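J.: pasting the structure only:
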């Protein structure tokens, strides 16, 4: 007996119970997206603060004002850390944007019964998962690369 491997168009039935679950999921997605935007903003502000703070501490050291809080700081290190915070904030912005678009389109699709908006919402959800998946793959590759470097350094010591 042969099985049909082609996908046949089927219509899904979304009853009131499913629509209620979708509406609740939409609200939670919006909450998580807004929390992501807030987190991005806080990280950008922290990055700007770190970058300007390191310049301030470096100028204080060059003027001879070195107390215990400045003894362990290296000039420019806070600037690099600040730039990294801002860089990771930009990376975090995109998943929050995709999740926010998913939430808004899903909410409107449920209440307007609009197939196009439903398609757009799941397109944004797909982009969200792709972005997160690619970031995780990059992180795993970087961890393996760094682990290999650490092993080589330990072997040649």
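T.: On my side now, so go ahead. Here the structure is a predicted model, which is why all the values come from computation and not from measurement.
J.: lowest average confidence across helices and strands of the protein, where is it?
T.: None of the helices or strands of the chain scores lower by mean pLDDT, DSSP states H and E than helix 68-71, at a mean of 49.
J.: relative to the whole chain's centre, how far out is the next helix-or-strand element following it?
T.: Using DSSP states H and E, the helix or strand that follows helix 68-71 towards the C-terminus is helix 77-112. How far helix 77-112 lies from its chain's middle: 6 Å, per CA atoms, centre = their mean, to the nearest Å.
J.: how about stretch 132-144?
T.: Put simply, stretch 132-144 sits 13 Å off its chain's centre (CA atoms, centre = their mean).
J.: now do the contacts for the closest residue to residue 107 other than its chain neighbours.
T.: Once flanking residues are discounted, residue 107 sits nearest to residue 26: 4.5 Å by CB to CB, 6 or more residues apart in numbering. Using the backbone N, CA and C atoms, a C-beta is placed for each residue, glycine as well. For residue 26, the contact set (CB atoms under 8 Å, 6 or more residues apart in numbering) comprises 102-103, 106-107, 110.
J.: now, of these, which are buried?
T.: The neighbour-count test (16 or more other CB atoms under 10 Å) marks 102-103, 106-107, 110 as buried among these.
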